[in-house]
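Student: Kindly return the folded structure for what I paste below:
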Amino acid sequence: MKKDDTTSDDLRPEYDFSKMAGGVRGKHHRRYRAGTNLVKIDPDVAKVFVDDHAVNDALRSLIRVARRQVAAVH
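Tutor: Numbers count the residues shown, from 1 in each chain. All right, here's what the predicted structure looks like:
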């Protein structure tokens, strides 16, 4: 298949993001630079959790259980 050389890095006119409500450029820049660890959660798992706090609470509970199990073995 021949590569199409007519494409460029410019956005098409129909993709005018300046007219989008609520869009903020660099919104997450500071958190990213601070080393935020982003992960992708599968859709079936995401349905269970309402927000990031629920995910963090569940993971912290799992960490506590895992640490108890390790301590019980040693």
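Student: pLDDT at residue 9, what is it?
Tutor: Per-residue pLDDT puts residue 9 at 68.
Student: no, scratch that, I was asking about residue 5
Tutor: Reported pLDDT for residue 5: 57.
Student: Could you work out the end-to-end span of stretch 27-45 for me?
Tutor: 26 Å (Cα to Cα, to the nearest Å).
Student: in that stretch, what's buried?
Tutor: Within stretch 27-45, no residue is scored as buried using 16 or more other Cβ atoms under 10 Å. C-beta: built from backbone N, CA, C; applies to glycine.
Student: Verify the stated contact: residue 49 with residue 58.
Tutor: Yes - at 6.9 Å, residue 49 and residue 58 qualify as touching, with contact defined as Cβ atoms under 8 Å.
Student: what about residue 49, how many neighbours?
Tutor: 14 (other Cβ atoms under 10 Å).
Student: Check residue 69 too.
Tutor: Neighbour count of residue 69, defined by other Cβ under 10 Å: 9.
Student: Assign a three-state SS to it, would you?
Tutor: Under DSSP: H, G, I helix; E, B strand; the rest coil, the three-state class of residue 69 is helix.
Student: show me what contacts it?
Tutor: By Cβ atoms under 8 Å, 6 or more residues apart in numbering, the contact list for residue 69 is empty.
Student: Just give the closest residue to residue 54, not the sequence neighbours.
Tutor: residue 48 (8.0 Å; Cβ to Cβ, 6 or more residues apart in numbering).
Student: Let me know the helix or strand that the one you found is in.
Tutor: Under DSSP states H and E, no helix or strand contains residue 48.
Student: And residue 50, by the same measure?
Tutor: Per DSSP H and E: residue 50 is located in neither a helix nor a strand.
Student: So that it lines up with my notes, have the first residue be 47 from now on.
Tutor: Shifting the count to begin at 47 puts that one at residue 96.
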